[in-house]
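Asker: fold the following and give me the result.
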Amino acid sequence: MKSTVETVSPTQVRLDIEVPFDELRPSIEQAYRSIASEINVPGFRKGKVPPRLVDQRVGRAAVLQEGINSAVPGLVAKAVDEHKLRVLGPPDVDLTELTDGEKISLTAEVEVRPEIKLPDFSSLTITVDETSVDGEAVDTELSRLRERFATLKAVERPAADGDHVGLDLRANALKDGAAGEEIDQAKSVTYKVGSGELLDGLDEAVRAGSVGEEKTFTTTLAGGDHAGKTAQVTVNIRSVKEQELPKLDDEFAQSASEFDTVDELRSQLSEQLGRRAVLNQVNQARERTVDALLDGVQVPLPQGAVTREIENNKRQLTGYLEQLGLDLGGYLGSQGKSEQEFDETLRGDAEKSVRAQLVLDAVVDAEELGISDTEITTEVVRRAQRAQMDPQQFADHLVRTKQLALVAADVRREKALTLVVEHATVTDTAGEKVDVAAALVAQADAEPATVPAS
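Answerer: Numbering: from 1, shown residues only. Here you go, the predicted model:
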């Protein structure tokens, strides 16, 4: 086999491949066997039909087509390896010549990783938030913890922010400005006034309302089969309860945590917030380092890779919405976005993601970063836990769907990003230098929090 390569663009090459017929014979013979097992010829068992009769029944051209089609992936892969190409996706193959018994010629256009000139990592300057924890932050955490242990008491007064109200809701379609057919309802819904978590306009409707009152308002439905539709909602207030917070004393500390005093609880909360702030610093450093890298390099965009990223992101979002009982149209309506705006956002996110992947892959190559089986196993277990699956079943799924290589690529990129962050100059908003490597070690070594997460 002979092959040549021609650069079409910074992200695309064309391979010209010429293959002597002798190299194709194993594939052609396999094609004869495969077709012979599928046709019936009197006097011959399936799979035992001689080639000349196969030619008579289906034609030599059909045999050649099947044999060549089965051989092409291996031929292109061989040419890719020969020219040491770093491909990004499947090739676009065109058979340009077929001389039976002599040779075939084909071209394969392939997207490849572009050459990227990396900056000096030590020249990157990153700014992150401070990790200082003040008394106000600790007080906020204490308030959230007290709310978790609060009790509700019925009151005979109009509802106010912070109250928990029991509601019956009914939604009617709007037609010509008037309420039409009922399209949804929910009974015995508990809602915290002022939270803004259910429907736009609900807080205004129930605030200052009393038990037994009925209010109506117009809103856009956020979930269900009618997500995104405008409806008139009727709300009936069934109960009003105010929240009673437990007294902030040592008894509360003992019931809400493993500590004996409020001072010990405050101290632990302060430590928790400090660890959280350090983790936030690390995450900020990583995200902003990627942005700094992308600002400092030119990355030609392979459009095929961008398109695949868009399709993958859209497929994941659609699947997530289906689990919630929503469709894409309803979701966009609830977000106040047009399909064009959604597509533009998807493309922008995909282009940034592909650029980041290419730059980090360039770091992997430049620094010759490898990964161990242990690192891959750790990442597979982590993803399995996130997907709430058995690790072995999840690993089998990755192997079966040929996604394990993608996981390995992600682990390499994470190592590349960590290396760049550790070489960059990272300071907080107060001008203090941040040792990200030490922060990562400290975060890994930190004891688990003993105060319930609020």
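
Asker: going by C-alpha atoms from here, please, whenever you check contacts or count neighbours.
Answerer: Will do.

Asker: the stretch 101-250 of the chain: helices as residue ranges?
Answerer: For the stretch 101-250 of the chain, applying DSSP state H, counting those that start in this stretch gives helices covering 135-148, 202-206, 250-256.

Asker: ok now the second one, how far from the chain's centre?
Answerer: Computed by Cα atoms, centre = their mean, to the nearest Å, the separation of helix 202-206 from the middle of its chain amounts to 35 Å.

Asker: contact partners of that helix?
Answerer: 159, 193-196, 215-217, 235, 237 (Cα atoms under 8 Å, 6 or more residues apart in numbering).

Asker: domain assignment for this protein?
Answerer: 2-111, 151-244, 260-294+350-445 (automatic domain parsing).

Asker: which one of these lies closest to Gly325?
Answerer: Judged by Cα to Cα, the one of the domains of the chain that comes nearest to Gly325 is domain 151-244, at 5.8 Å.

Asker: and that closest one, end to end?
Answerer: Counting by Cα to Cα, to the nearest Å, you get 5 Å between the two ends of domain 151-244.

Asker: likewise for stretch 145-159?
Answerer: 23 Å.

Asker: that older thread, out of the helices of the stretch 101-250 of the chain, flag the one nearest Leu324.
Answerer: Of the helices of the stretch 101-250 of the chain, the one closest to Leu324 (Cα to Cα) turns out to be helix 202-206, at 21.6 Å.

Asker: now stretch 106-123: how far from the chain's centre is it?
Answerer: For stretch 106-123, the distance to the chain centre is 24 Å (Cα atoms, centre = their mean).

Asker: my error: substitute stretch 401-408 in the last question.
Answerer: Counting by Cα atoms, centre = their mean, stretch 401-408 comes out at 15 Å from the chain centroid.

Asker: same question, stretch 199-217
Answerer: Worked out by Cα atoms, centre = their mean, stretch 199-217 lies 38 Å from the chain centre.

Asker: and that stretch, what's buried?
Answerer: Neighbour-count burial for stretch 199-217, counted by 16 or more other Cα atoms under 10 Å, picks out 202-203, 205-207, 209-211, 214-216.

Asker: what distance separates the start and the end of that stretch?
Answerer: 10 Å.

Asker: average pLDDT for that stretch?
Answerer: Taken as a whole, stretch 199-217 has a mean pLDDT of 93.

Asker: sorry, back to before: for the helices of the stretch 101-250 of the chain, which one ends up most surrounded?
Answerer: The highest average neighbour count among these, using mean count of other Cα atoms under 10 Å, belongs to helix 202-206 at a mean of 20.

Asker: which intervals of this protein have sub-threshold pLDDT?
Answerer: 177, 223-225, 442-454 (pLDDT under 70).

Asker: which residues in it form strands?
Answerer: 2-9, 12-20, 92-99, 103-111, 125-128, 151-154, 164-175, 178-192, 214-220, 230-244, 425-428 (DSSP state E).

Asker: could I get those in CSV, plus columns for distance to Ala437?
Answerer: Output for those, formatted as CSV (distance: least, Cα to Cα, whole Å):
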stretch, distance to Ala437
strand 2-9, 39
strand 12-20, 38
strand 92-99, 44
strand 103-111, 36
strand 125-128, 14
strand 151-154, 44
strand 164-175, 46
strand 178-192, 43
strand 214-220, 47
strand 230-244, 44
strand 425-428, 11
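
Asker: Thr289 is nearest to which of those strands?
Answerer: strand 125-128 (6.6 Å).

Asker: between the contacts of helix 202-206, which sits nearest Tyr320?
Answerer: Gly196 (22.8 Å).

Asker: list the buried residues for the helix ranked longest in the chain?
Answerer: If you go by DSSP state H, the chain has its longest helix at helix 262-296. By 16+ other Cα under 10 Å, the buried positions in helix 262-296 come out as 262, 265-266, 268-270, 272-275, 277-282, 284-286, 288-290, 292-294.

Asker: having no further points to raise, I will conclude here.
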